[in-house]
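**Student:** Got a sequence here, can you build the structure:
(one chain, ligands or ions: 1)
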Amino acid sequence: MADQSGRKHVAICGGGLVGALNACFMAKRGYFVEVFEMRPDIRSQEIVRGRSINLALSIRGREALSRVGMEDVIIQKGIPMYARMIHDISGTRRPIPYGRDKQNIMSVDRRLLNEVLLDAAEEYPNVKTYFNHKVQSCDFETGEIVFLKDDKETVTRKVDLIVGNDGAFSAIRRQMMKTVRFDYQQTYIPHGYMELNIPPTQNDEFAMEINYLHIWPRNEFMMIALPNLDKSFTTTLFMPFELYDSLKTEEQLMQFFHDKFPDSIPLLGEDHLKKTFFNSKALPMVSIKCHPYHVGSKAVIMGDAAHAMVPFYGQGMNCGFEDCIVLADMLDQYNDDFSKALPAYTEHRNPDAKAMCDLAMYNYIEMRASVNSPLFLLRKKLDNL
Ligand code: FAD
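**Tutor:** Numbering: from 1, shown residues only. I've put the predicted structure just below:
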């Protein structure tokens with residue numbers, strides 16, 4: 001609860017991208033903020049397993065970073081992408097700009113972003129971070145929350161606000177579902193994703209044009225590649241799970257790539273392709289819509305916990321970052337009165353976030369198929385006149 005100095009006490013559950021940024025937002029308000037993350041500290045890990053190595057950061061996310069003075073730091077560590085670069089089956093490449101006047105999205109390293117944001121949060125004297133602390137249970141009447149540590153000990157806190165920044169499979173959201181009238185919809189798409197890598201050339205150069213989001217759209221499936229600062233490209237294959245399962249031998253895999261992505265083979269390298277394909281598992285993608293995003297004056301969910309979306313619009317994290325702005329604005333408007341700010345947050349944010357989930361689903365078709373259509377190209381040309 002509020003400490004002796006009258007500061008509000010907030011437990012941020014999840015120290016991922018949105019949780020770490022949110023800690024900065026809450027600390028700036030003068031709250032006493034404790035961040036509890038289930039996994040070990042990412043900064044002390046040699047290898048971090050998890051989703052996508054790099055991400056597209058857009059204006060929505062940049063605005064949120066700028067509110068806590070972090071935009072420039074992050075931008076210096078990113079690579080601007082001014083256009084999509086479409087790779088035809090014949091190997092011909094053609095750019096489709098994202099907008100006019102060098103408008104761009106930034107390719108940023110997920111791990112670096114998370115690390116920099118955790119560092120930034122810890123610079124506030126009123127923030128404490130704990131790792132290997134997993135939400136076990138919470139009570140939205142009393143504000144009590146229990147965490148299980150990896151040594152099986154439990155840690156309990158009683159706080160003014162419980163914030164669920166604990167991702168698509170949120171424990172806080174699960175508890176909300178048991179507590180209030182809660183609408184929930186979850187959809188898995190038939191496609192899975194697998195990450196490959198295009199290394200730098202032998203002369204230590206980028207193997208393709210740098211400032212582009214490269215796409216190999218093949219209607220039913222596609223591959224994309226985003227540049228990294230180490231001159232490699234993180235390359236992601238999206239296709240139906242049945243198609244992954246049908247490629248059982250190295251010959252079948254190579255035949256498929258020769259037929260569908262021939263220009264990518266020398267870039268990826270045959271050995272890497274075979275090794276990665278047969279040693280990894282394609283991962284599922286889920287879209288989640290729910291309502292409300294809060295319970296009374298004690299709990300709120302944000303980021304993927306509130307609105308996980310398929311990655312084709314490149315807006316999941318960006319939207320989660322924007323959540324931090326929307327909540328901060330509501331807290332400003334209602335003088336930090338949670339009983340008023342939280343319902344206002346649900347009311348404002350819920351329709352927008354649901355629309356983003358729908359747009360992401362729409363872009364699932366645009367990226368792999370519509371970019372091939374003459375009508376789409378004509379529309380883009382007219383847009384850019
Ligand atoms: P997460 O990143 O999932 O973080 C949640 C954190 O909570 C984790 O650290 C987790 O360990 C912790 N946690 C979970 N459960 C508990 C618990 N019980 N107790 C304590 N801690 C817990 N978005 C973009 O904006 N641009 C992109 O280009 C983009 N590309 C993507 C590509 C792919 C292939 C995928 C899958 C997603 C992509 N996204 C992109 C979406 C983006 O990854 C997510 O929207 C973003 O990671 C959400 O951040 P978050 O902090 O809400 O959740």
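
**Student:** From here on, just use CA atoms for contacts and neighbour counts.
**Tutor:** OK.

**Student:** Residue for residue, what is the longest helix this protein has?
**Tutor:** If you go by DSSP state H, the chain has its longest helix at helix 338-368.

**Student:** Just confirm residue 287 is within a strand.
**Tutor:** Yes: applying DSSP: H, G, I helix; E, B strand; the rest coil, one finds residue 287 inside a strand.

**Student:** which parts of this protein sit against the ligand?
**Tutor:** Within the chain, the residues that sit near the ligand (C-alpha under 6 Å from any ligand atom) are 13-19, 36-39, 51-52, 55-57, 133-135, 165-168, 170-171, 303-305, 311, 314-318, 320.

**Student:** Which other helices and strands does the longest helix of the chain contact?
**Tutor:** strand 212-217, strand 283-291, strand 294-295, helix 304-307, helix 316-333 (3 or more C-alpha pairs under 8 Å, 6 or more residues apart in numbering; DSSP states H and E).

**Student:** how about the longest one: buried residues?
**Tutor:** Buried positions in helix 316-333, judged by neighbour count with 16 or more other C-alpha atoms under 10 Å: 316-331.

**Student:** Repeat that for stretch 139-157.
**Tutor:** Those buried within stretch 139-157 under the rule 16+ other C-alpha under 10 Å are 139-140, 143-149, 157.

**Student:** So the closest residue to residue 260 other than its chain neighbours, which state does it fall into?
**Tutor:** Closest residue to residue 260 apart from its sequence neighbours, by C-alpha to C-alpha, 6 or more residues apart in numbering: residue 89 at 6.2 Å. What three-state DSSP gives for residue 89 is coil.

**Student:** returning to that earlier point: mind putting the helices and strands packed on helix 338-368 into a markdown table with mean pLDDT?
**Tutor:** Shown next, in a markdown table, are the helices and strands packed on helix 338-368 (pLDDT from 0 to 100):
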| stretch | mean pLDDT |
| --- | --- |
| strand 212-217 | 96 |
| strand 283-291 | 97 |
| strand 294-295 | 98 |
| helix 304-307 | 98 |
| helix 316-333 | 98 |
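
**Student:** Which one of these lies nearest to residue 176?
**Tutor:** strand 294-295 (7.1 Å; C-alpha to C-alpha).

**Student:** Pull up the pairing partners for whichever helix or strand comes after the closest one, direction included.
**Tutor:** Per DSSP states H and E, the first helix or strand lying C-terminal to strand 294-295 is strand 299-301. Strand 299-301 pairs in its sheet with strand 161-164 (parallel), strand 294-295 (antiparallel), by DSSP bridges.

**Student:** Turn these into CSV, columns for mean neighbour count and distance to residue 221.
**Tutor:** Compiled in CSV, those are given as follows (neighbours: other C-alpha atoms under 10 Å; distance: least, C-alpha to C-alpha, whole Å):
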stretch, mean neighbour count, distance to residue 221
strand 161-164, 25, 34
strand 294-295, 24, 37
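
**Student:** Nearest to residue 278 among those would be which one?
**Tutor:** strand 161-164 (35.9 Å).

**Student:** so how far is that closest one from its chain's centroid?
**Tutor:** 19 Å (C-alpha atoms, centre = their mean, to the nearest Å).

**Student:** tell me the mean pLDDT for that strand?
**Tutor:** Throughout strand 161-164, pLDDT has a mean value of 98.

**Student:** okay, it in PDB with CA atoms only?
**Tutor:** The C-alpha trace of strand 161-164 is given here as PDB (Å, rounded to 0.1, in the frame of the first residue of the first chain):
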ATOM      1  CA  LEU A 161      -2.100  -1.300  -8.200                       C
ATOM      2  CA  ILE A 162      -1.400  -4.600  -9.900                       C
ATOM      3  CA  VAL A 163      -0.200  -4.200 -13.500                       C
ATOM      4  CA  GLY A 164      -0.300  -7.200 -15.800                       C
END
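
**Student:** Buried ones in stretch 358-367, by neighbour count?
**Tutor:** Of the residues in stretch 358-367, 358-361, 363-367 count as buried by neighbour count, 16+ other C-alpha under 10 Å.

**Student:** Many thanks, we can stop here.
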